[in-house]
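In: how does the following fold in three dimensions:
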Amino acid sequence: MARHDESTERRNGMFNDADLGDDEDWPEAPAPSWLSDVDDTYGERADPAYNEPAEDPFADTQTIPSFDLGPHTESVVVDLSSAVSARSDEVVDPVEPSAAYDPQPPYDDFPAVPVEPTMLEPEPEPEPEQAPEPLPSRHAAARPASPVSMTQPEPQPDWHIPPVPDGLDQTGAESLTAATVLRTRREKPQSGWRKRVLKATGGRINFGPSRSDRHRADMLARARTPVRGSHRVAVISLKGGVGKTTTTAALGSMFADLRGDRVIAVDANPDRGTLSERVTRESGATIRHLLEARGRVTRYGDVRAFTSQSSTRLEVLASDSDPGASLALSEQDYIDTLDTLERFYNLVLTDCGTGLLHDAMRGVLGLASSLVVVSSASLDGARSASATLDWLEAHGLEDLARNAVVVISSVRPGGGIVDVLQLEDHFASRCREVVTIPYDPHLEAGSALFLDELQEETLEAYLELAAAVGEGFALTPASR
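Out: Predicted coordinates for the structure are as follows:
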């Protein structure tokens with residue numbers, strides 16, 4: 001028993017020789033039946049027949065060994081048949097473990113004891129290592145399972161901003177406003193003979209704005225509809241060569257010229273897009289370069305290094321035109337790009353490719369706040385635009401199709417033999433508004449677009465388009 005006690009002391013690492021005292025001070029504990037034949041020298045029974053594997057050395061588990069280590073220790077009962085050790089109810093003066101406790105004491109002096117396989121609990125399998133997640137995107141996590149992944153825009157936070165004081169219910173300085181103090185001034189005419197009379201009489205005779213002036217003011221107000229958060233406009237069509245890129249550049253230029261928001265147009269064509277050719281190229285960067293550096297883009301000045309800006313302040317992010325590129329723009333690429341741009345721009349216009357089934361279009365349609373469907377003034381162009389609306393309705397995007405604005409672009413002078421009015425009636429029954437863009441030689445060139453180079457009729461048509469799209473800003477939920 002002396003050898004057993006010394007080994008127990010070394011294993012627990014809790015006591016020294018001074019604490020244990022002499023060997024004769026220890027009470028002799030009765031040895032259990034299964035230890036009666038153990039030889040202390042070799043750790044085996046003296047009877048060689050016992051060492052045969054047919055016998056179980058732990059068959060006698062009814063007798064539970066107990067060792068009393070003295071008045072300074074706990075009484076511990078070890079139950080070898082249970083997974084958890086049972087402690088006696090009587091605890092006498094517990095001693096804190098020593099600071100020099102060795103978690104791996106020497107076990108060389110103990111005999112090797114076979115262990116029943118059933119006594120060991122299986123260790124849980126380690127979980128497979130996961131690949132590092134990309135930068136978080138607030139759009140990707142909200143997409144429900146549907147034929148087309150739709151990402152619901154995040155609600156605009158409530159900043160608890162008070163309304164503008166109108167002076168009606170105020171008694172102090174807030175009651176003095178322009179509406180309550182200043183005399184009402186009649187609006188001035190902006191064109192025609194009314195403007196000439198006003199100028200000739202030094203402003204004394206004012207007939208007010210004409211009908212065309214009021215119509216133009218109404219279109220300007222609609223185009224300047226405030227945007228809370230950000231708004232995403234996707235310009236799409238199933239057919240190429242109908243004027244999607246020209247429409248994106250002209251509409252973006254109108255918004256950038258008329259509004260105070262930051263406006264950017266993104267070329268999301270999975271192949272080689274030409275949107276960057278509609279502005280004077282200032283940067284050789286593409287959407288791929290922005291994706292690679294998006295983790296370091298923290299200021300507007302950072303993202304500005306990747307875009308080109310026109311004379312109207314419209315910025316353009318070019319598509320990847322590298323002929324050696326083997327991967328097209330994916331859905332996640334577009335989501336990550338939009339997630340970066342929306343931190344700095346209120347209006348994001350997307351020039352889409354011709355297909356509706358490629359991966360990038362899932363991200364475009366899933367995040368679009370409104371759509372502009374482009375058709376040429378031809379039979380095949382009109383059928384392709386109408387088929388685009390059919391596809392949207394068949395894939396759970398009825399609201400986008402119903403609130404879309406259809407643009408009919410005239411590709412030749414006079415409109416040819418196609419009845420444009422018939423096309424307008426057809427699309428007016430299927431979407432919110434239809435705008436026809438007349439033929440303009442400046443648009444036919446396909447080079448950089450300048451609004452002051454457009455004919456007056458074309459400029460008015462694009463103003464009408466901006467008003468129709470801008471009116472939808474108030475019809476869609478705010479996002480940020």
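
In: can you list the domain ranges for the protein.
Out: Following automatic domain parsing, one gets these domains for the chain: 1-120, 174-209, 227-474.

In: now the weakest link among these, please, by mean pLDDT.
Out: Of all the domains of the chain, domain 1-120 carries the lowest average pLDDT, namely a mean of 51.

In: ok, which stretches of the stretch 101-250 of the chain are helices?
Out: For the stretch 101-250 of the chain, helices defined by DSSP state H, counting those that start in this stretch occupy the ranges 178-181, 192-200, 211-223, 244-258.

In: pick the most deeply packed of these.
Out: helix 244-258 (a mean of 25; mean count of other CB atoms under 10 Å). In short, each C-beta sits where N, CA and C put it, glycine included.

In: what's the angle between that helix and helix 211-223?
Out: 100 degrees (axes from the mean of the first three to the mean of the last three CA atoms, to 10 degrees).

In: now for helix 244-258, which elements pack on it?
Out: Under the contact criterion of 3 or more CB pairs under 8 Å, 6 or more residues apart in numbering; DSSP states H and E, helix 244-258 touches helix 211-223, strand 231-236, strand 263-267, strand 315-317, strand 347-351, strand 370-376, strand 405-409, helix 456-471.

In: what's the fourth one in contact with?
Out: Looking back up the chat, that one is strand 315-317. 249, 252, 256, 262-267, 275-276, 278-279, 286-287, 290, 304, 306-310, 337, 341, 345 (CB atoms under 8 Å, 6 or more residues apart in numbering).

In: and the helix or strand just after it, what does it pack against?
Out: Where DSSP states H and E defines the elements, the next helix or strand beyond strand 315-317 is helix 331-341. Secondary-structure packing of helix 331-341 (3+ CB pairs under 8 Å, 6+ apart): strand 263-267, helix 287-293, helix 359-367.

In: out of those, which is the most enclosed?
Out: Scoring the helices and strands packed on helix 331-341 by mean count of other CB under 10 Å, the most buried comes out as strand 263-267, with a mean of 27.

In: adjacent strands (with direction) for it?
Out: Strand pairing for strand 263-267, using DSSP bridges, gives strand 315-317 (parallel), strand 347-351 (parallel).

In: a markdown table for those strands, including mean neighbour count and distance to F207?
Out: Formatted as a markdown table, the strands paired with strand 263-267 follow (neighbours: other CB atoms under 10 Å; distance: least, CB to CB, whole Å):
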| stretch | mean neighbour count | distance to F207 |
| --- | --- | --- |
| strand 315-317 | 26 | 41 |
| strand 347-351 | 26 | 37 |
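
In: out of those, flag the one nearest I161.
Out: Comparison of the strands paired with strand 263-267 against I161 by CB to CB identifies strand 347-351 as nearest, at 21.7 Å.

In: quick one: the closest one to strand 370-376, angle?
Out: 40 degrees.

In: contact partners of strand 347-351?
Out: Contact with strand 347-351 is made by 227, 230-235, 244-245, 248, 251-252, 255, 259, 261-269, 273, 275, 338, 341-342, 364, 368, as judged by CB under 8 Å, 6+ apart.

In: is it true that S447 touches E277?
Out: Yes: S447 is in contact with E277 according to CB atoms under 8 Å; the separation is 6.8 Å.

In: the two: who's more crowded?
Out: More crowded of S447 and E277, by other CB atoms under 10 Å: E277, with 17 against 11.

In: how is the more buried one assigned, secondary-structure-wise?
Out: The assignment at E277 comes out as helix when based on DSSP: H, G, I helix; E, B strand; the rest coil.

In: next up, the contacts around it.
Out: G446, S447, A448.

In: try it again with 6 Å
Out: The contact partners of E277, taken as CB atoms under 6 Å, 6 or more residues apart in numbering, number zero.

In: next: P189.
Out: K195, P209, S210, D213.

In: for R402, same thing?
Out: With CB under 6 Å, 6+ apart as the criterion, no residue contacts R402.

In: ramachandran angles for it?
Out: With angles defined as degrees, to the nearest 10, R402 sits at phi -70, psi -30.

In: now V434: how far from P441?
Out: Distance, V434 to P441, by CB to CB, to the nearest Å: 24 Å.

In: more crowded one of those two?
Out: V434 (22 against 11).

In: in the sheet, who's paired with that one?
Out: Beta-bridge partners, per DSSP bridges, of V434: V406.

In: hang on, isn't it packed against A428?
Out: Yes: counting by CB atoms under 6 Å, V434 touches A428, with 5.1 Å between them.
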